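Q: Structure for the following, please:
(one chain, ligands or ions: 1)
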Amino acid sequence: MSEKTPFEIARETLKQITLRKLPPTPVNYQAIYHAVAGLPQVELFPEEHLRRIAQALPARNPGQEKQLGLLDYAISQRNWLGVQNALLGYSGFAVPSGVPHPAAPEPLSADAPSMMPQVLEQVARLIEFAQPAFGGEDTRFHERMQQTLQALRDPETSVIRVRSLLADFNHRLSFAAEEQSEIRLALFKLLQLIIKNIGELSPDDAWLQGQINALQAAAQPPLTLRRLDEVEHQLKDVIFKQTEAKGRAIEAQESLRQMLAAFITRLSQVTASSSDYQEKMEDSLRDLEQAKTLEDIGPVLRGLIRATRDMRLETVNVGEELQSMRAQVQAKEAELRKLQAELERLSAQVRHDGLTGALNRQGLDEAFVRELSTVRRKDAPLCVALLDIDNFKRLNDARGHETGDVALQHLVAVAKENLRPQDTLARYGGEEFVILLPETGLEQAMEVMIRLQRELSKRFFLARPKQGVKTESGGEVASADQEKIFITFSAGVAQLTVDETAEQALHRADQAMYLAKRAGKNRVVAA
Ligand SMILES: Nc1nc2c(ncn2[C@@H]2O[C@H](COP(=O)(O)OP(=O)(O)OP(=O)(O)O)[C@@H](O)[C@H]2O)c(=O)[nH]1
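A: Below you'll find the model as predicted:
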């Protein structure tokens, strides 16, 4: 195993991809990553298996011959969609180009019945091989895939049924494949962006952190186009602004450095001239001691007076110069402080809350705009829920702030497990969270929130009581000094009306949440 850190492995991987001029596809990224990390290679595209299948297929007519050629080419290109199309074309089903449709397939050739079971088995195996390439997010697609596999392997299934299932599956597959290729494209763009900017990232942790956090958030499954798009958008923004601000900071630092260098030179000049002066004084003293007449003293005195005047002039000049330098240094320092503050502000633009990993306020604003425009375009409902943890202050006081933080993370973890990938979870304030539920009516949204409450009432986390404080929670004792903590929340849910703004809906949800608190907490109220 490599002793490199994950960050070093990722950086080396990106470097290798660039050096070897490989297309930065997920397949290449994974292969290089595994090689750099010293991990065993995982085969993403079962080329060998597919080749064996292709070789086993007979070419009984020119059409099949052509399709087998296409299949061969698609395998060499590692192109799933090409493989699917060639195979379906081969088995006698029309392969639509562009937008697919379950068109009526051409009749099977006369010898179809005899070769049907083998071909169907090959198709079934191909579908199975292809399965991992389509991820597990689309449950309906997977259900349909299982149904098709079952039918392909059932000798009782009629040809008509197989045809119709395959045509339907083909239709769905083309969408799934298209989505996968879009995901890959988005990943590719994201990688490009990182590669381009990685050299410019500051080693300063605060800068780097925001970007790495966003990437980590994006790398969490399920990988959706929406999430990737979000991260790409934000990273571009932050990187652009940081690079700009950083450029200015470097300039300011450079001029500060130059001024300090000039200052030191000047200081050594002063030291040198004062030691010259010192030497002249000593020489004059020696000459004075040896002087025997007034004539001998005259030149010594004149030399002394000249040296003293030069020294005074030098001191005045240096004093003035140093004063102006000090003013310049102070101005530069102020500029640097301003730039630093700006950089910190820009780092904070990453749209995830550092403690819980949920979206932060800014992330929520952007998600709201996006969801609103999507549901309005689709004429679908959108619900917003605002939830607030009950008695959070008491928990903080009894267990300490750190336990309060763990409670916030616990809530987010449970919520994420229970919400759909298309739902948005954001930390709205201290212990307040907002959930956006697209394509969900009020009744359903209420059910989602109540289900989340039930789930929380079953799940606990462990905490120690704060020393010297008698705890108020009714938790059970789990070990000598740890207790099980359960949290509850009160929530308000509002469904957006046709002409309502996000703020107005949030306000209604907030008022409903307030009513839930007033009515005794641990409940959900519809706005
Ligand atoms: N641990 C922790 N506490 C926080 C954080 N943000 C805010 N808080 C605390 O959350 C508490 C909120 O208290 P209140 O607004 O009185 O709400 P509450 O105690 O939950 O009361 P109810 O809402 O009426 O149930 C305050 O004590 C804040 O200091 C955080 O990030 N971590």
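Q: Could you confirm Leu436 falls within a strand?
A: Yes - counting by DSSP: H, G, I helix; E, B strand; the rest coil, Leu436 is part of a strand.
Q: how many neighbours does it have?
A: When neighbours are defined as other C-beta atoms under 10 Å, Leu436 has 27 of them. In short, each C-beta sits where N, CA and C put it, glycine included.
Q: cool, and Ala56?
A: As a burial measure, Ala56 scores 9 neighbours (other C-beta under 10 Å).
Q: Could you do the one 4 residues further on as well?
A: As a burial measure, the neighbour count of Arg60 was computed by other C-beta under 10 Å and equals 12.
Q: Just read off the phi/psi values of it.
A: With angles defined as degrees, to the nearest 10, Arg60 sits at phi -90, psi -10.
Q: At the contact with the ligand, which residues of this protein appear?
A: Contact residues (C-beta under 6 Å from any ligand atom) of the chain with the ligand: 355, 388-394, 396, 401, 404-405, 408, 430-431, 517, 521.
Q: chain center to whichever strand or helix holds Thr403: distance?
A: Using DSSP states H and E, Thr403 falls within helix 401-418. Centroid separation between helix 401-418 and its chain, computed with C-alpha atoms, centre = their mean, to the nearest Å, is 20 Å.
Q: So which residues of the stretch 301-450 of the chain form helices?
A: Ranges of helices in the stretch 301-450 of the chain, per DSSP state H, counting those that start in this stretch, are 361-378, 392-399, 401-418, 442-458.
Q: Compute the number of surrounding residues for Met513.
A: By other C-beta under 10 Å, neighbour count at Met513 equals 25.
Q: actually Leu288, not the one I typed
A: 13.
Q: Setting aside sequence neighbours, what's the nearest residue to it?
A: Val300 (5.6 Å; C-beta to C-beta, 6 or more residues apart in numbering).
Q: ok, now how distant is that neighbour from the ligand?
A: 79 Å (C-beta to the nearest ligand atom, to the nearest Å).
Q: which residues does that residue contact?
A: Ser284, Asp287, Leu288, Ala291 (C-beta atoms under 8 Å, 6 or more residues apart in numbering).
Q: The third one contacts Gly303, correct?
A: Right, Leu288. No - in this structure, Leu288 is not within contact of Gly303 by C-beta atoms under 8 Å, at 10.6 Å.
Q: Could you point out the helix or strand that follows the host helix or strand of Ile75?
A: Counting by DSSP H and E, the element that carries Ile75 is helix 62-76. Downstream of helix 62-76, the next assigned helix or strand under DSSP H and E is helix 80-90.
Q: From the contact counts, what lies against whatever helix or strand comes next after that following helix?
A: Remark: after helix 80-90, the chain's next helix or strand is helix 112-130, criterion DSSP H and E. Helix 112-130 sits against helix 47-56, helix 80-90, helix 139-153, helix 159-198, with contacts defined as 3 or more C-beta pairs under 8 Å, 6 or more residues apart in numbering; DSSP states H and E.
Q: what's the most buried one of these?
A: When you average the neighbours per residue for each of the helices and strands packed on helix 112-130 (mean count of other C-beta atoms under 10 Å), helix 80-90 leads with a mean of 22.
Q: ok, residues contacting that one?
A: Contacts of helix 80-90 (C-beta under 8 Å, 6+ apart): 45, 50, 57, 63-64, 67-68, 70-71, 73-75, 95, 122-123, 126, 130, 133, 166, 170, 173-174, 177-178, 180-181.
Q: angle of that helix against helix 47-56?
A: If you take axes from the mean of the first three to the mean of the last three C-alpha atoms, to 10 degrees, helix 80-90 sits at 20 degrees to helix 47-56.
Q: Export only the CA atoms of helix 80-90, formatted as CSV.
A: The C-alpha trace of helix 80-90 is given here as CSV (Å, rounded to 0.1, in the frame of the first residue of the first chain):
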residue,chain,number,x,y,z
TRP,A,80,-21.7,1.2,-23.6
LEU,A,81,-24.4,2.8,-25.7
GLY,A,82,-22.8,1.6,-28.9
VAL,A,83,-22.6,-2.0,-27.5
GLN,A,84,-26.3,-1.9,-26.6
ASN,A,85,-27.4,-0.5,-29.9
ALA,A,86,-25.3,-3.0,-31.9
LEU,A,87,-26.6,-5.9,-29.9
LEU,A,88,-30.2,-4.9,-30.1
GLY,A,89,-29.7,-4.2,-33.8
TYR,A,90,-28.2,-7.6,-34.2
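Q: angle of that helix against helix 112-130?
A: 170 degrees.
Q: model confidence over helix 80-90, on average?
A: For helix 80-90, the mean pLDDT works out to 81.
Q: That helix to helix 62-76, inter-axis angle?
A: Interaxial angle of helix 80-90 relative to helix 62-76 (the same axes, to 10 degrees): 160 degrees.
Q: got the angle for helix 80-90 vs helix 159-198?
A: 160 degrees.
Q: Report the distance from helix 80-90 to the chain centre.
A: 35 Å.
Q: do the same with stretch 508-527
A: The answer for stretch 508-527 is 33 Å, by C-alpha atoms, centre = their mean.
Q: Tell me the bridge partners for Pro438.
A: Leu382 (DSSP bridges).
Q: check contacts around it.
A: Counting by C-beta under 8 Å, 6+ apart, Pro438 has contacts Glu371, Thr374, Val375, Ala380, Leu382, Gln422, Asp423.
Q: Give me the pLDDT for Arg309.
A: Taking Arg309 on its own, its pLDDT is 80.
Q: Check the burial of it by counting its neighbours.
A: So Arg309, with other C-beta under 10 Å, has 10 neighbours.
Q: For it, give its distance to Ala35.
A: 76 Å (C-beta to C-beta, to the nearest Å).
Q: before we move on, what about Pro299?
A: 84 Å.
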